[in-house]
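**Q** Pasted the sequence and its predicted model underneath.
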Amino acid sequence: MKTASALALVLLALPGQVRAQSRDEARPRDLQYLQGELESLDDELKTLEPADRRTEEFRRRADEIREDTIYLKVKMRRHQEAGGQGTGVSASEVADIRRAVNDLHDDIERSFGRGRRAGDSGPDLRLPEGKTMELRLDEPLSSRTARVEDRIEASVFRPVRLEGVLAIPAGSRVRGYVRDAEPAHRPSKGGRLDLDFDTLYLGPDRLDLRVSVSRIAGDDGGGDDVGRKAGLGAALGAVIGGLFGGAKGAAIGIAVGGGGAVVATKGDEVELPAGTIVTVRLERPLTVPPPPSR
């Protein structure tokens with residue numbers, strides 16, 4: 001009984017800490033998915049006909065989403081500046097914005113018939129060899145610690161379109177593996193990573209990929225400009241980078257070789273933080289089925 005009473009007193013004395021531990025906090029990956037959906041909505045808004053009265057209403061709703069997203073960004077930034085752990089926002093807050101984004105996207109598709117609507121039974125799309133996609137790493141990779149056959153988790157950073165039709169939404173899951181890894185040998189031999197992304201998930205569909213890495217870059221997230229001309233996805237860019245320790249320096253001191261291998265210079269390791277953008281090139285055509293009904 002004494003132990004229980006003492007514990008109760010401690011809990012009463014630290015209500016803020018208890019709430020923080022029990023809060024349903026959003027994960028960094030939830031925010032990555034939100035940013036991907038905002039990027040897709042940005043892409044859709046560009047297709048609107050400026051003279052149409054429906055466009056004004058859709059842009060008004062987009063501005064409301066922007067305001068909610070900026071609020072989320074400010075809340076996360078203040079949490080980070082205060083030294084807090086995690087994201088500092090709840091999963092329900094992120095879910096509410098994602099729901100508003102998806103509702104707006106569906107209304108635009110129904111009104112203008114842009115691209116393929118959810119549940120459309122139209123023909124498959126065939127992305128040609130040479131088409132590029134930008135992927136964002138969900139977890140860090142290092143030539144110092146990576147092992148052959150280690151799995152890689154990533155997501156599509158920007159939506160992929162073919163002749164104006166949405167083929168692959170931003171946020172779509174991609175998996176791969178480490179084909180080869182060599183740690184650095186000082187003073188002159190840099191580390192090396194051979195990355196292979198072999199699977200794309202679109203709803204219930206699992207598609208086989210054959211790609212090669214063509215470019216590595218940090219996620220600039222569109223910077224801090226969240227004015228009207230900035231994309232919706234830009235509002236979260238910098239603060240998401242902070243959650244993952246920043247990926248802006250990912251391209252410094254590394255290069256992509258002719259075979260797609262990522263190599264470091266001057267005896268350094270290849271260090272790719274979570275959030276690093278990896279551009280890949282299709283080495284064979286990819287057939288994409290219509291999206292399922294939501």
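**A** Everything's here; your move.
**Q** element containing the most centrally placed residue in the chain, please.
**A** Nearest to the mean C-alpha position of the chain, counting by CA atoms, centre = their mean, stands residue 32 at 4.0 Å. Using DSSP states H and E, residue 32 maps to helix 28-45.
**Q** Pull the distance from that helix to the chain's centre.
**A** In terms of CA atoms, centre = their mean, to the nearest Å, the gap separating the centre of helix 28-45 from the centre of its chain is 7 Å.
**Q** I'd assumed residue 146 was in contact with residue 182.
**A** No: with contact defined as CB atoms under 8 Å, residue 182 does not count as touching residue 146 (9.3 Å). In short, each C-beta sits where N, CA and C put it, glycine included.
**Q** Please identify which of those two sits among more neighbours.
**A** residue 146 (24 against 18; other CB atoms under 10 Å).
**Q** can you tell me which residues contact that one?
**A** Counting by CB atoms under 8 Å, 6 or more residues apart in numbering, residue 146 touches 178, 181, 193.
**Q** which of the residues you listed lies closest to residue 83?
**A** Each of those was checked against residue 83 using CB to CB; the closest is residue 193, at 32.7 Å.
**Q** Helix or strand: which one has residue 170?
**A** Residue 170 belongs to no helix or strand, assigned by DSSP H and E.
**Q** Can you get me a residue count around the residue nearest to it when sequence neighbours are not counted?
**A** Residue nearest to residue 170 in three dimensions, not counting chain neighbours: residue 36, with 3.6 Å by CB to CB, 6 or more residues apart in numbering. Here the neighbour count serves as a burial measure; for residue 36 (other CB under 10 Å) it reads 23.
**Q** coming back round to it: could you pull up the residues touching the residue nearest to the centre of the chain?
**A** Residue 32 touches 136, 138, 155, 171, 240, counting by CB under 8 Å, 6+ apart.
**Q** Take those residues and keep only those in strands.
**A** Among the contacts of residue 32, DSSP state E puts 136, 155 in strands.
**Q** hey, where'd the strands end up in the stretch 151-294 of the chain?
**A** Residue ranges of the strands in the stretch 151-294 of the chain, as given by DSSP state E, counting those that start in this stretch, are 151-156, 160-162, 165-168, 173-182, 192-202, 205-208, 211-217, 254-256, 262-264, 271-272, 277-282, 286-288.
**Q** in the second one, what's buried?
**A** Using 16 or more other CB atoms under 10 Å as the test for burial, strand 160-162 gives 160-161.
**Q** Show me what it packs onto, helices and strands only.
**A** strand 125-127, strand 165-168 (3 or more CB pairs under 8 Å, 6 or more residues apart in numbering; DSSP states H and E).
**Q** 6 Å instead?
**A** Contacting strand 160-162 under the criterion 3 or more CB pairs under 6 Å, 6 or more residues apart in numbering; DSSP states H and E is no other helix or strand.
**Q** The first one now?
**A** Contact analysis of strand 151-156 by 3+ CB pairs under 6 Å, 6+ apart lists strand 132-137, strand 173-182 as its packing neighbours.
**Q** Direction included, what does that strand pair against?
**A** Paired strands of strand 151-156, with direction, are strand 132-137 (antiparallel), strand 173-182 (antiparallel) (DSSP bridges).
**Q** Next: the fifth one.
**A** Here strand 192-202 has these sheet partners by DSSP bridges: strand 173-182 (antiparallel), strand 205-208 (antiparallel), strand 262-264 (antiparallel).
**Q** Identify the residues contacting it?
**A** 143, 172-177, 179-182, 207, 209, 211, 213, 261-263, 270, 280 (CB atoms under 6 Å, 6 or more residues apart in numbering).
**Q** and residue 186, what are its phi and psi?
**A** When quoted as degrees, to the nearest 10, the phi and psi of residue 186 stand at phi -70, psi 150.
**Q** Would you check that it makes contact with residue 268?
**A** No: at 8.7 Å, residue 186 does not count as touching residue 268 under the criterion of CB atoms under 6 Å.
**Q** These two: who's more crowded?
**A** More neighbours sit around residue 268 than around the other of residue 186 and residue 268, counting by other CB under 10 Å; the figures are 18 against 9.
**Q** my guess is residue 54 is in a helix, correct?
**A** Yes: with DSSP: H, G, I helix; E, B strand; the rest coil as the criterion, residue 54 is located in a helix.
**Q** Alright, I will stop here.
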